[in-house]
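Asks: Any chance you can model this:
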Amino acid sequence: MTTYQDDIASIEALKQQYGSSWDAINPESVARMRAQNRFKTGLEIAQYTADIMRRDMAEYDADSSVYTQSLGVWHGFIGQQKLISIKKHLKSTNKRYLYLSGWMVAALRSEFGPLPDQSMHEKTAVPALIEELYTFLRQADARELDLLFTKLDAARSAGDETSVELIQSQIDNYETHVVPIIADIDAGFGNPEATYLLAKKMIEAGACAIQIENQVSDEKQCGHQDGKVTVPHEDFIAKINAVRYAFLELGIDNGVIVARTDSLGAGLTQKLAVTQTPGDLGDQYNSFLDVEEISESELGNGDVVMKRDGKLLRPKRLASNLYQFRQGTGEARCVLDCITSLQNGADLLWIETEKPHVGQIAGMVDEVRKVFPNAKLVYNNSPSFNWTLNFRQQAFDKMVEEGKDVSAYDRDKLMSVEYDETELATTADEMIRNFQKEGSAKAGIFHHLITLPTYHTAALSTDDLAKGYFADQGMLAYVKGVQRREIREGIATVKHQNMAGSDIGDNHKEYFAGDAALKAGGQNNTMNQF
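Replies: From the prediction side, this is the model:
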């Protein structure tokens, strides 16, 4: 028997137990409601999705062509529509996740209004968005199953046993919209205890994967802006441990930790690392500092000095009381960060880069894989990159290496529309199309995400509508640009009452009140026009 049939049988048995007082209860209606509410708690979701991620990670280790992807979302409805589209067009959510971006929480979900990505937003906004996303995904399940139940009833009424069997099979083998969320905890919002407390809230809301970065909490910056400040490895390890303890306390033993390094673009540290012996982890961190050798007589008031190999070294300290790393040490620091994180409980890595370049990423991952052969990345396919310009320049450089004539191109102006139909532009676009596949094959990228795509798509689609509606197009701008496309392309939101749960409510009214139910979806419902 299927779960659906088991539920019908169990409720039928309960009806017999409680007698005539339960006569109004329809066991199949209960089975339907249970199917529409598969996940009762966020922890159930966290465990279910953690199992999915662990399976996907193992499959990627065996075959790098089966990488995973996600798009960043900032509202439950946006995440819901993304998953509905995936199921509609691609028929399965397999290997497709959601990403929760701290940048978008700061920019769009703070009570302070739009904020920069500096961990100034309310930390509770992060678990609140996770809970909201899963509420909308669970509602997408309820809606889609409700449509199947309606079809099943219609097939039964028509006596179409073939359709009844097919639809019942679709119900029994239903694929949920609930998928893993990789959730951004920024730099942990404080000390390790604060990180642990927030991680618990995120996991309880359903997060199976938490991404944490090695910047200082009080000076945290967006990964693609200047002024980033990292912490010594021991500080970061404590926060990795805090997240792991949160997973273990809540029983999600296979929860996933994504350790992010911002060292490639971070030229500063807030404090020197503690070191006990030459070559230990603290000494390695300090070895990247920009220092000058001095004598004891050259010591100034309040100077901080280090002793290494019998020499007195004075780190360069800025007026902000931050210490400066040597230029050109970013990649080496990233490699050490990655190795250290994997040695101390991280499952996946994130290297924040300044450009999308497979060769650069692979160079660092290859070094990490000398120690951890199965090291895997989560990679930010960031909207902060000018993808068109970057890849046209890469295509230009490739043409130069191959001895091709590039006299028709100005490398610094390749973004220009005049190059759009050229061989170089076509080559660059193909490189962009294949970037994820190439990155996963050559640079160990298990998961590709775009952090802020729906921030940009919301702005772009709103601009498209506003420029016509408020000009001379009036309603035609909406009808032609939105509604007509929704109808012809089968976008679920064209029936917005159904999308918001009106039909589910009608069916519940019928369960509860029978023929006396006052239903919204009758003959005079204008949604019947679609």
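
Asks: does the residue nearest the centre of the chain count as helix, strand or coil?
Replies: Centrality entry for the chain: nearest residue to the mean C-alpha point is residue 99, 1.3 Å, by Cα atoms, centre = their mean. State at residue 99, reduced to three classes by DSSP: H, G, I helix; E, B strand; the rest coil: strand.

Asks: all strands for the stretch 351-500 of the chain, in order.
Replies: 377-380, 445-450 (DSSP state E, counting those that start in this stretch).

Asks: which other residues reach the first one?
Replies: Strand 377-380 is touched from outside by 182, 211, 223, 258, 260, 348-353, 361, 365, 439, 443-451, with contacts defined as Cβ atoms under 8 Å, 6 or more residues apart in numbering. Glycine gets a C-beta too; all of them are placed from N, C-alpha and C.

Asks: what ranges do the strands span in the stretch 201-350 of the chain?
Replies: Under DSSP E, counting those that start in this stretch, the stretch 201-350 of the chain gives strands at 209-213, 229-230, 256-261, 268-269, 291-294, 306-308, 311-315, 323-324, 348-351.

Asks: Check which helices and strands the longest one is in contact with.
Replies: So that's strand 256-261. helix 42-62, strand 209-213, helix 233-249, helix 330-343, strand 348-351 (3 or more Cβ pairs under 8 Å, 6 or more residues apart in numbering; DSSP states H and E).

Asks: Relative to residue 83, which of these is closest?
Replies: For residue 83, the closest of the helices and strands packed on strand 256-261 is helix 42-62, at 12.7 Å, according to Cβ to Cβ.

Asks: neighbours around the closest residue to residue 1 other than its chain neighbours, how many?
Replies: Distances taken as Cβ to Cβ, 6 or more residues apart in numbering place residue 9 nearest to residue 1, at 7.2 Å, with adjacent residues excluded. Other residues within reach of residue 9, judged by other Cβ atoms under 10 Å, total 13.

Asks: swap in the one 10 residues further on?
Replies: Look at residue 19: counted by other Cβ under 10 Å, it has 8 neighbours.

Asks: pLDDT below threshold where in the protein?
Replies: Scanning the chain with the threshold set as pLDDT under 70 gives 218-227, 520-530.

Asks: before we move on, back to that, let me have the helices and strands packed on strand 256-261 in TSV, extended by mean neighbour count.
Replies: Shown next, in TSV, are the helices and strands packed on strand 256-261 (neighbours: other Cβ atoms under 10 Å):
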stretch	mean neighbour count
helix 42-62	18
strand 209-213	26
helix 233-249	20
helix 330-343	21
strand 348-351	26
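
Asks: Would you convert those into TSV that also reports distance to residue 117?
Replies: Shown next, in TSV, are these (distance: least, Cβ to Cβ, whole Å):
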stretch	distance to residue 117
helix 42-62	25
strand 209-213	11
helix 233-249	18
helix 330-343	20
strand 348-351	15
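
Asks: Of the ones you listed, which is nearest residue 513?
Replies: Closest of these to residue 513 is helix 42-62, at 30.9 Å (criterion: Cβ to Cβ).

Asks: gap between residue 461 and residue 121?
Replies: 25 Å (Cβ to Cβ, to the nearest Å).

Asks: and those two? which has more neighbours close in?
Replies: residue 121 (24 against 12).

Asks: Just give me the neighbour total for residue 468.
Replies: The burial count for residue 468: 17, using other Cβ under 10 Å.

Asks: Tell me the bridge partners for residue 307.
Replies: residue 312 (DSSP bridges).

Asks: tell me the most buried of the strands of the stretch 351-500 of the chain?
Replies: strand 377-380 (a mean of 25; mean count of other Cβ atoms under 10 Å).

Asks: Show me how far it is from its chain's centre.
Replies: Relative to the centre of its chain, strand 377-380 is centred 10 Å away, using Cα atoms, centre = their mean, to the nearest Å.

Asks: Have a look at this protein and report its longest helix.
Replies: Longest helix in the chain by number of residues (criterion: DSSP state H): helix 125-158.

Asks: what about residue 67, neighbour count?
Replies: Neighbour number of residue 67 under other Cβ under 10 Å is 23.

Asks: distance of it from residue 387?
Replies: Residue 67 is 18 Å from residue 387, by Cβ to Cβ.

Asks: next one: residue 28
Replies: 52 Å.

Asks: Skip the chain neighbours and tell me the closest residue to residue 309.
Replies: Nearest to residue 309 is residue 278, by Cβ to Cβ, 6+ apart, at 7.8 Å.

Asks: Over to residue 504?
Replies: Distances taken as Cβ to Cβ, 6+ apart put residue 146 closest to residue 504, at 4.9 Å, once the chain neighbours are dropped.

Asks: Wait, that neighbour touches residue 507, no?
Replies: Yes - under the criterion of Cβ atoms under 8 Å, residue 146 makes contact with residue 507 at 6.3 Å.

Asks: okay, and the common contacts of those two?
Replies: Joint contacts of residue 146 and residue 507 (Cβ under 8 Å, 6+ apart) are residue 32.

Asks: ok, now which ones touch the residue nearest to residue 504?
Replies: Residue 146 touches 32, 36, 503-504, 507, counting by Cβ under 8 Å, 6+ apart.

Asks: So residue 259 sits against residue 233, correct?
Replies: No - taking contacts as Cβ under 8 Å, residue 259 lies outside contact range of residue 233: 10.6 Å.

Asks: just to revisit the earlier point, right, and the residue nearest to the centre of the chain touches residue 449 too?
Replies: Yes - with contacts counted by Cβ under 8 Å, residue 99 reaches residue 449, the gap being 4.4 Å.

Asks: Between these two, which contacts overlap?
Replies: Common neighbours of residue 99 and residue 449, using Cβ under 8 Å, 6+ apart, are 70-72, 182.

Asks: How about residue 477: what's its closest non-neighbour residue?
Replies: Here the residue nearest residue 477, using Cβ to Cβ, 6+ apart, is residue 468, at 3.0 Å.

Asks: Quick check: the one you found vs residue 476, distance?
Replies: Counting by Cβ to Cβ, the gap from residue 468 to residue 476 is 7 Å.

Asks: same check, this time on residue 382
Replies: For residue 382, the distance to residue 476 - Cβ to Cβ - is 36 Å.

Asks: These two: who's more crowded?
Replies: Remark: of residue 382 and residue 476, residue 382 carries more neighbours, 22 against 12, as counted by other Cβ under 10 Å.

Asks: if I read this right, the more buried one contacts residue 451, doesn't it?
Replies: Yes - using Cβ under 8 Å, residue 382 makes contact with residue 451 at a distance of 5.8 Å.

Asks: Could you pull up the residues touching residue 71?
Replies: Residue 71 is in contact with 82, 98-99, 449-450, 453-454, counting by Cβ under 8 Å, 6+ apart.

Asks: Name the nearest residue to it, ignoring sequence neighbours.
Replies: Closest to residue 71 by Cβ to Cβ, 6+ apart is residue 453, at 5.0 Å.
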